[in-house]
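*Asks:* prediction below, plus the sequence it came from.
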Amino acid sequence: MTYAVDRIEEETAYLAFHFHWGMDDILDLEHADRRRYVAQVASLVERSQA
């Protein structure tokens, strides 16, 4: 099973925007780690808008 390129690009852009990490650093993350960071950032963003 492969992961959709557009989804990887979306996750990469999201983490780069919030963490100011480079694309290589983000793409070096394991898939589960990258998804976990995305979820954590999303949670922080939601709480800050409440």
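*Replies:* Ah, there it is. Since the model is a prediction, treat every value here as computed from it, not as a measurement.
*Asks:* what's the single longest helix in the chain?
*Replies:* Looking across the chain with DSSP state H, the single longest helix is helix 31-48.
*Asks:* show residues contacting it.
*Replies:* Applying CB atoms under 8 Å, 6 or more residues apart in numbering, the set of residues contacting helix 31-48 from outside is Tyr3, Glu11, Tyr14, Leu15, His18, Phe19, Ile26, Leu29. Yep, even glycine has a C-beta here, placed from its N, CA and C like the rest.
*Asks:* give me the neighbour count for Thr12.
*Replies:* Thr12 is flanked by 20 other residues according to other CB atoms under 10 Å.
*Asks:* now do the contacts for it.
*Replies:* With CB under 8 Å, 6+ apart, Thr12 has these contacts: Met23, Ile26, Leu27.
*Asks:* got JSON lines for those, with distance to Val38 too?
*Replies:* Formatted as JSON lines, those follow (distance: CB to CB, whole Å):
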{"residue": "Met23", "distance to Val38": "15"}
{"residue": "Ile26", "distance to Val38": "10"}
{"residue": "Leu27", "distance to Val38": "13"}
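*Asks:* so which of these wins on neighbours?
*Replies:* That'd be Ile26 among the contacts of Thr12, by other CB under 10 Å, with 20 neighbours.
*Asks:* give me the helices and strands touching the helix or strand hosting that residue, please.
*Replies:* Here Ile26 sits within helix 23-27, counting by DSSP states H and E. If you count contacts as 3 or more CB pairs under 8 Å, 6 or more residues apart in numbering; DSSP states H and E, helix 23-27 packs onto helix 5-19.
*Asks:* and the helix it packs on with helix 31-48, angle?
*Replies:* Helix 5-19 and helix 31-48 are oriented at 50 degrees to each other (axes from the mean of the first three to the mean of the last three CA atoms, to 10 degrees).
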